[in-house]
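In: The following comprises the amino acid sequence and a computationally predicted model.
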Amino acid sequence: MALAEERLGLAQLLLPWYRDHGRHELPWRQTRDDYALWLAEVLLQQTQVRTALPYYGRFLSAFPSWQDLASAPLDAVLAQWSGLGYYARARNAHRAAQMVVQEHGGRFPPTMAAAMALPGVGRSTAAAVLASAYGQDQAILDANARRVLFRAAGLVGEPRSSTNDRKLWRIAEAETPAGAAHDYNQAIQDLGAVLCRAARPDCPNCPVQSRCRAAALPKRRELPREGDRSARPRRYATLLLARDDGGRVLLQRRPERGIWGGLWSLPSLDDEQILVDSSLRAQVLERYAAAVGLVLHEQSLGPVQRHTFSHFSLEYAVLHASLRVQAVADKGSPLLCWDLAAALQLGLPSPIRRLLEQLD
DNA sequence: TAATCGTGGTT
DNA sequence: TAACCAAGATT
């Protein structure tokens, strides 16, 4: 592919721009600590800077080092991750920290192969950490770099196709300057985030406009659509909000696999359609009682609400009930009653946290 | 290869 | 409202 072999020479234009206009104030740019830099990369996976920013400081305070994270209970890690989404990242980060302590002497492994063997560390994350923490010449290909290079090289087709994926990695490696990979990686990410945005790219102010094949095109603003993903399937559930006489709320720990893995949530009864018919509520209560071994008394059924996940949309209603028997007391049970204040310290999914915060 | 895995902001 | 998108990795 002649196109992919041709150097665009982005670095010499990008680096001066970065010095003047880069987001140097970001907290993970104030350190060369391998733990902090790895943490930032994991927090930022599929997550915008604005969203991850407050989590970074809180997480570092709670777990300042590999050792602190490795020895922490998973529940404490998930609690810090609560609300950020893609919770497999938290579980993987916890295991990765344990591997770093036990197998790598408490230091991020300094080779691509060893780094990518850590759970939750793929090629781009590994490269980013090795470049930033150790100054290695490693090319990244995150969403920003992918978009910038796709446009600059004038690629066509789907950006995530395997063919374009190979081309983009080859271009990324060719454009990454020896001895300045860290700054270049930051620079191309800043360019993508600030100027070369997915929508409404600011081409007139772009420092690499002269090397960009897409800038001259009338449709430079458009990127090929991801394969027209069919509409999100809709799922339905009834969530049980049961409280005992002391106001404690019944929560259930979700299995590690699947959505909200490892988090504490309300007991959920999945259904084929939303329960708006009051005649069905009694059945729900019976099914809960049977499944959980509790005596429940219905109080009210809340309005239908919707929560959108990455690949499906959930319609749910909250069934408020009083809990007569405090039957689920044994430790190790995934079903426990919690004081409201204690519950809010757990790893909760966002909609569940919002719901509990509105109680009392 | 194609699904799976969250959430909040923007359009 | 609904679609799109984000410092991707895993199976």
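Out: Arrived safely.

In: Could you check how many residues crowd around residue A:318?
Out: As a burial measure, residue A:318 scores 20 neighbours (other CB atoms under 10 Å). (Glycine included, C-beta is placed from N, CA and C.)

In: ok but residue A:316 is inside a strand, no?
Out: Yes. Residue A:316: assigned to a strand according to DSSP: H, G, I helix; E, B strand; the rest coil.

In: The residue nearest to it when sequence neighbours are not counted: how many residues sit nearby?
Out: Ranked by CB to CB, 6 or more residues apart in numbering and with sequence neighbours excluded, the top spatial neighbour of residue A:316 is residue A:237, at 4.5 Å. For residue A:237, the neighbour count with other CB under 10 Å is 18.

In: Now name the helix or strand holding residue A:237.
Out: strand A:234-243 (DSSP states H and E).

In: How about that strand and DNA strand C, any contact?
Out: No. Judged by CB under 7 Å from any atom of the strand, strand A:234-243 makes no contact with DNA strand C; its nearest approach is 10.0 Å.

In: if you look at that strand, does any of it touch DNA strand B?
Out: No. On the criterion CB under 7 Å from any atom of the strand, strand A:234-243 is out of touch with DNA strand B, staying 9.9 Å away.

In: Equivalent analysis for stretch A:186-201, please.
Out: Yes. Stretch A:186-201 is in contact with DNA strand B by CB under 7 Å from any atom of the strand, via A:199-200.

In: Ramachandran angles for the closest residue to DNA strand C within the stretch 101-250 of chain A?
Out: Closest approach between the stretch 101-250 of chain A and DNA strand C, counting by CB to the nearest atom of the strand: residue A:122, at 2.4 Å. Here is the backbone geometry of residue A:122 (degrees, to the nearest 10): phi -100, psi -170.

In: That one contacts residue A:116, doesn't it?
Out: Yes. In this structure, residue A:122 is within contact of residue A:116 by CB atoms under 8 Å, at 6.5 Å.

In: Could you give the number of residues near the residue of the stretch 101-250 of chain A closest to DNA strand C?
Out: Counted with other CB under 10 Å, residue A:122 comes out at 13.

In: Run through the residues that contact it.
Out: residue A:116 (CB atoms under 8 Å, 6 or more residues apart in numbering).

In: go again using 10 Å as the cut-off
Out: Applying CB atoms under 10 Å, 6 or more residues apart in numbering to residue A:122 gives the contacts A:41, A:45, A:115-116, A:141.

In: Share the number of residues neighbouring the nearest residue to residue A:347 once chain neighbours are set aside, please.
Out: Of all residues not flanking residue A:347 in the chain, residue A:78 sits nearest, at 3.0 Å (CB to CB, 6+ apart). For residue A:78, the neighbour count with other CB under 10 Å is 22.
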